[in-house]
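S.K.: pasted the sequence and its predicted model underneath.
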Amino acid sequence: MRYQCDACGCYLDPGEGRVCDECQRKADQRHRITERIRLNGQQYEMNMEELICQN
């Protein structure tokens with residue numbers, strides 16, 4: 001049986017999971033970005049403190 005990543009289709013080792021490390025890293029990065037940018041009523045807010053602290 002071949003194991004493939006659900007996101008990109010690359011081949012995985014048995015027991016590695018359903019998503020490869022690269023796709024998981026990209027998903028985590030997208031989640032962090034959307035956490036910083038939120039909709040407040042009709043305006044978007046961005047938490048700049050988190051952005052500055054990471055650099």
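M.R.: Looks like it came in fine.

S.K.: for the most centrally placed residue in the chain, what are its contacts?
M.R.: The chain has A27 as the residue nearest its centroid, 1.9 Å off, counting by Cα atoms, centre = their mean. Neighbouring residues of A27 by Cβ atoms under 8 Å, 6 or more residues apart in numbering: A7, V19. The way it works is simple: take the backbone N, C-alpha and C, and place the C-beta from them, glycine included.

S.K.: need the longest helix for the protein.
M.R.: With DSSP state H setting the assignment, residue counts place helix 21-36 as the longest helix in the chain.

S.K.: quick one: contacts of the helix or strand that that helix is followed by?
M.R.: For helix 21-36, the following helix or strand on the C-terminal side (DSSP states H and E) is strand 37-40. For strand 37-40, the external contacting residues (Cβ under 8 Å, 6+ apart) are Y44, E45, M46.

S.K.: run me through the strand neighbours of the following helix or strand past strand 37-40, direction for each.
M.R.: Past strand 37-40, heading to the C-terminal end, the next element that is a helix or strand (DSSP H and E) is strand 43-46. When pairing is defined by DSSP bridges, strand 43-46 lines up against strand 37-40 (antiparallel).
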